[in-house]
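# next comes the sequence, and after it the predicted model I'd like to discuss.
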Amino acid sequence: MSPKALKIVLAASVAFNLFAVAAGGTIWVTHKRAEQRIEAQQRPAREHSTMSVIARLSPEVRRDVRQALKASALAAKPDFEEARAKRREAIDLSASNGFDAARVRTLLDQSRAAELRGRARLEAEAVTLLATLSPDDRAVLSEILSRRGRGARDRNDGPQAERK
C-alpha cells in the first residue's frame with residue numbers, strides 16, 4: 001500500500017473512532033438523564049406529607065394542629081380556586097381565535113396574585129400556629145413551611161437536594 005493510501009486509511013480510522021466515542025458518550029448521557037427522569041417521576045412530590053408530619057407531633061397537640069391547619073386551608077381555598085380559574089381562563093383565551101395578549105397577561109397576573117394571597121394566608125396562619133407549640137413540636141411542624149410540591153423534585157434547591 002502506498003503512503004498516501006495509508007494516510008487516508010489512518011485518517012478514516014481516526015474519524016470513525018472519534019465518531020464512535022462521541023456516539024457512545026451521547027448514548028450514555030441520554031441514558032443517565034432518562035433514568036433520572038424516571039426516578040424523579042416515581043418519587044412522591046412530598047416525601048413527608050402534612051399528615052405524616054402531624055403524626056410525628058406529640059399526641060396531645062395533634063388534634064388541635066390538624067384542626068388549625070384544616071381551618072387555614074379552608075380559609076385559603078377561595079384564593080387558590082380563583083388562581084386556578086384565572087389560569088384556565090388565560091389558557092382558554094390564548095388557545096382561542098380571539099387571542100388578546102394584554103388580557104392573557106392580566107389574567108396570569110391575577111392568577112399569580114391570588115395564589116400568593118393564598119400562600120401568604122397559609123404561611124401566616126402556620127407561623128401563628130407554630131408560636132403556640134412547644135420547641136420540640138415546633139421543630140417537627142416547621143417542615144410545613146418548606147416549599148415542596150409539584151416541580152420541586154426537578155429543581156436542585158430545597159431540602160431534597162440537600163440530602164443527595
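Structure's in. What do you need?
# make it CA atoms for all contacts and neighbour counts henceforth
Will do.
# show me where this protein has its helices.
Listed in chain order, the helices of the chain (DSSP state H) span 3-42, 50-55, 59-95, 101-130, 135-141, 159-163.
# tell me the angle the fourth one makes with helix 59-95.
Read that as helix 101-130. Counting by axes from the mean of the first three to the mean of the last three CA atoms, to 10 degrees, helix 101-130 lies at 180 degrees to helix 59-95.
# next, the buried residues of helix 101-130.
104, 107-115, 117-119, 121-122, 125-126, 129-130 (16 or more other CA atoms under 10 Å).
# what's the weakest-modelled helix or strand in this structure?
helix 159-163 (a mean of 41; mean pLDDT, DSSP states H and E).
# one step back: mean pLDDT for the helices of the chain: which is lowest?
Among the helices of the chain, helix 159-163 carries the lowest mean pLDDT, a mean of 41.
# any idea how far the closest residue to residue 89 other than its chain neighbours is from residue 99?
Closest residue to residue 89 apart from its sequence neighbours, by CA to CA, 6 or more residues apart in numbering: residue 107 at 7.3 Å. As judged by CA to CA, to the nearest Å, residue 107 and residue 99 stand 12 Å apart.
# do residue 131 as well
Per CA to CA, residue 131 is found 48 Å from residue 99.
# for those two, indicate the residue with more neighbours.
Per other CA atoms under 10 Å, whichever of residue 131 and residue 99 has more neighbours is residue 99, with 14 against 11.
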